[in-house]
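Colleague: Model the following, please.
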Amino acid sequence: MSDPLSTLPGYLLRRASAAALAGLNRRLAPLGLRHVDASLLLILHSMPGTTQSEAGRLLDIQRANMVPIVSRLEGRGLIDRQKVDGRSQGLHLSAKGDALCAEVREEIEAYELALLAGLPDDMREGAVAVLDAFWRAAEALNVEAPSGEEG
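Modeller: Numbering: from 1, shown residues only. Predicted structure coming up:
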């Protein structure tokens, strides 16, 4: 049976994303992490002191959904909160979180290389640029006003 949606780029991106994330989650499971946990650890490694709200914006996760992620990682002793000002708290990796982050990076890099290796040779070099262009195009469409309305 042929998939009637297999010529739609958005559909293919969603399917590719779902498959890629499922594979990454399997690789991260022995570390007790999911891709969203790993992503937050990598962000905090690169940008210590990022607030929960800033991390949520970077990851495109709503504030209410960030709470259990941060709580879970904090409960495992992987991240700490430090006051930034009267109301805000910056998130930082603990020593344990920093050590785990190194393992996370290795797993993700190995998985990403395996994904790219699965592409035909002539498509590998431009694959990331094409995906980035699709992402930017979709983001631009998401901020445009619906037709017939002024923005």
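Colleague: From one end of stretch 45-52 to the other, what's the distance?
Modeller: Stretch 45-52 has an end-to-end distance of 14 Å (C-alpha to C-alpha, to the nearest Å).
Colleague: Equivalent analysis for stretch 52-65, please.
Modeller: 10 Å.
Colleague: ditto for stretch 45-55
Modeller: End-to-end distance for stretch 45-55, by C-alpha to C-alpha: 12 Å.
Colleague: Tell me which residues of it come out buried.
Modeller: 45, 50-52, 55 (16 or more other C-beta atoms under 10 Å). Where you see a C-beta, it was placed from the backbone N, CA and C, and this is true even at glycine.
Colleague: who touches it?
Modeller: 40, 43-44, 58, 61, 63, 66-67, 70, 82, 84, 88-93, 98, 101, 105 (C-beta atoms under 8 Å, 6 or more residues apart in numbering).
Colleague: Kindly report the same for stretch 8-22.
Modeller: Residues outside stretch 8-22 that contact it (C-beta under 8 Å, 6+ apart): 5-6, 35, 115, 131, 134, 138.
Colleague: Please report how far the residue nearest the centre of the chain lies from residue 124.
Modeller: When C-alpha atoms, centre = their mean is applied to the chain, the residue found nearest the centroid is residue 39 (5.0 Å). Computed as C-beta to C-beta, to the nearest Å, the residue 39 to residue 124 distance reads 23 Å.
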